[in-house]
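> structure of the sequence below:
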Amino acid sequence: MYGASIDLGDYAAVKQYLYSLKYHGAKYGIDRMALLADELGHPERSFPVIHVAGTNGKGSTSAMLEAIYRAAGYRTGLFTSPHLVQLGERIQIDRRILSQEEILAYVRLLKPVAEKLGAVDPDDHPSFFEFLTAMGFLTFARERVDVGIVEVGLGGRLDATNTVEPELSIITSIGLDHTEILGDTIEEIAFEKAGIIKPGRPVLIGLIPPAAEKLIRRIAAERCSPVHSVRELYGSDDVLYPSTNLVGHHQRRNAATATLAARILRERLPVGDAQIATALHSVIWAGRWDERPLPDGRRIIFDATHNEEGAQMLEDNLVELLRRDGRRPTLICGALGIRRAHAVLEVAARYAEEIILMRPAQQRACSLEELEQAVPAGFKGSLRRAEVRELVPAPGVLNAGAPGTSIVATGSIYLLGELMEALYHERPVREQDLQDGPGSQRLVR
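Okay, here's the model as predicted:
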């Protein structure tokens with residue numbers, strides 16, 4: 001039995017137990033999560049849910065919705081993944097992350113339930129992500145949130161979060177990412193995202209490709225689910241979209257999606273347009289073109305770009321950065337997957353004075369050799385390899401970039417987390433190992 005012999009005496013033991021669940025989950029689908037939710041009395045049914053899927057933008061849109069409802073006086077629950085530095089970031093109440101003590105208590109509560117299910121059928125023992133999803137549902141129920149904003153982990157149709165019955169389903173964008181799991185075409189990926197549409201419940205779509213929109217509308221019609229569209233309300237010119245403090249044209253698209261979502265749900269969760277507009281300028285969402293000063297006067301920008309669609313947004317932001325600074329930045333890059341590496345590094349090579357290659361501490365991460373091969377042959381700047389301890393030998397110290405330059409860390413959210421931990425934490429957190437398992441098997445349709 002997974003982790004059965006581990007005594008949950010302290011938080012270190014809890015991390016060991018959760019780590020033992022990372023690579024458990026050979027049985028695909030949501031049946032196992034449904035069993036767990038049923039055993040817990042379906043806590044996810046005790047609060048209104050907004051369910052958010054999408055290739056890009058789902059995290060930012062979730063953060064925007066949380067800001068809107070918290071500004072309107074509601075008690076909010078926010079469930080996202082992965083975390084940057086601390087596991088508790090995934091489960092937040094009014095933007096307060098779950099503490100180690102709370103995680104310890106929830107794992108002690110859930111472990112016997114998981115073992116009971118696994119005793120009947122070992123394949124019914126919850127996986128790592130299912131465990132955390134259940135933890136999030138329990139937290140939101142016990143904290144009596146007025147609304148739970150739940151971000152899909154991967155895909156949608158077979159994601160553990162898809163046991164919810166949402167007030168609104170949102171599909172922010174559709175692009176070619178996780179193709180080894182979700183499928184090689186826009187239509188296949190759209191099918192997986194559309195799996196969160198529930199009978200009779202409305203669905204909101206962002207700016208998505210026509211082929212994806214056609215498929216999603218067909219599935220919504222089959223399920224008698226009303227479809228709302230950002231494009232239908234705002235058009236395709238994001239200059240006309242609501243503004244936000246988060247940087248980038250794509251964030252205005254996310255702001256439009258969040259605004260329309262709040263309007264759709266006004267009958268259940270009243271909120272005014274002025275409250276929405278104000279909240280969109282106070283959104284906190286780390287790692288999304290997240291600019292921070294360094295003690296020596298330079299700036300580091302953390303940007304979670306990690307796929308082809310995101311690379312287009314990265315390029316827009318780098319153009320603006322170059323215009324502002326008047327000099328090329330240093331880019332720190334790592335990636336999970338060759339296709340992603342090529343997408344990000346091709347953009348980086350057009351704007352960087354220097355590229356520093358790093359291998360995130362994740363099983364699926366590209367090797368340094370693979371990253372080097374992904375750098376375009378015509379790149380004229382300097383290129384070097386590095387490890388976290390070389391770049392950040394002490395908190396607040398970053399050995400990258402010349403005086404007066406900006407440094408952009410991009411390509412993998414896991415890389416960002418490692419750099420943030422080294423830069424801002426005196427004591428190591430060491431929770432990068434507690435990320436989701438590889439999940440490399442294609443989903444069965």
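
> just give the closest residue to Ile30, not the sequence neighbours.
Leaving aside its sequence neighbours, Ile30 sits nearest to Asn162 (C-beta to C-beta, 6 or more residues apart in numbering; 5.3 Å). Where C-beta positions appear, they are placed from N, C-alpha and C, glycine not excepted.

> neighbours of that neighbour, how many?
Asn162: 24 surrounding residues under other C-beta atoms under 10 Å.

> again with Leu104
Number of residues near Leu104 (other C-beta under 10 Å) recorded here: 18.

> gap between it and Leu158?
Applying C-beta to C-beta, to the nearest Å, the value for Leu104 to Leu158 is 30 Å.

> try Gly206
Relative to Leu158, Gly206 is positioned 22 Å away (C-beta to C-beta).

> neighbour count: these two, which is higher?
Each of Gly206 and Leu158 has its neighbours counted (other C-beta under 10 Å); Gly206 has more, 25 against 19.

> give me every residue that touches that one.
54, 57, 61, 170-173, 230, 253-254, 256-257 (C-beta atoms under 8 Å, 6 or more residues apart in numbering).

> do the same with Val230
By C-beta under 8 Å, 6+ apart, Val230 lies in contact with 204-207, 253, 256-257, 260.

> which one of those residues is nearest Tyr11?
Distances from Tyr11 to the contacts of Val230, taken as C-beta to C-beta, are shortest for Thr257 (36.7 Å).

> show me what contacts the closest one?
Residues near Thr257 by C-beta under 8 Å, 6+ apart: 57, 61, 64, 170, 172, 204, 206, 230.

> right, and the fifth one touches Thr61 too?
Pointing back at Thr172 there. Yes - counting by C-beta atoms under 8 Å, Thr172 touches Thr61, with 5.2 Å between them.

> so of the contacts of Thr257, which ones are in helices?
61, 64, 230 (DSSP state H).

> where do the strands sit along the stretch 251-400 of the chain?
All strands of the stretch 251-400 of the chain, identified by DSSP state E, counting those that start in this stretch, fall at 290-293, 299-302, 330-333, 354-357, 382-385.

> quick check: can you name the pairing partners of the last one and their directions?
This points to strand 382-385. Here strand 382-385 has these sheet partners by DSSP bridges: strand 354-357 (parallel).

> how far away from the center of its chain is the partner strand?
Centroid separation for strand 354-357 versus its chain: 25 Å, with C-alpha atoms, centre = their mean, to the nearest Å.

> who touches that strand?
Under the contact criterion C-beta under 8 Å, 6+ apart, strand 354-357 has outside partners 330-334, 345, 348-349, 368, 371-372, 375, 379, 381-386, 391, 400-401.

> got the confidence number for Arg201?
pLDDT recorded at Arg201 is 98.

> measure the nearest residue to Ala34 once chain neighbours are set aside to Phe191 for me?
Of all residues not flanking Ala34 in the chain, Thr163 sits nearest, at 5.5 Å (C-beta to C-beta, 6+ apart). Distance from Thr163 to Phe191, counting by C-beta to C-beta: 19 Å.

> before we move on, the earlier item: surely the residue nearest to Ala34 is in contact with Asp31?
No - taking C-beta under 8 Å as the definition, Thr163 is not a contact partner of Asp31, at 9.8 Å.

> out of these two, which sits in the more crowded spot?
A count of neighbours by other C-beta under 10 Å puts Thr163 above the other of Thr163 and Asp31, at 21 against 13.

> ok, the more buried one - contacts?
If you count contacts by C-beta under 8 Å, 6+ apart, then Thr163 has 30, 33-34, 37, 44 around it.

> narrow those residues to those that are buried.
For these, a burial check counting by 16 or more other C-beta atoms under 10 Å picks out 30, 33, 37, 44.

> excluding chain neighbours, what is closest to Arg252?
Using C-beta to C-beta, 6+ apart, the closest residue to Arg252 is Tyr241 (4.0 Å).

> burial of that neighbour, as a residue count?
Number of residues near Tyr241 (other C-beta under 10 Å) recorded here: 22.

> and it, how far is that from Ala256?
If you measure Tyr241 against Ala256 using C-beta to C-beta, the figure is 4 Å.

> list the helices and strands the top helix by length along the chain packs on?
The longest helix of the chain (DSSP H) is helix 100-120. Judged by 3 or more C-beta pairs under 8 Å, 6 or more residues apart in numbering; DSSP states H and E, helix 100-120 is in contact with helix 11-20, helix 31-39, helix 128-142.
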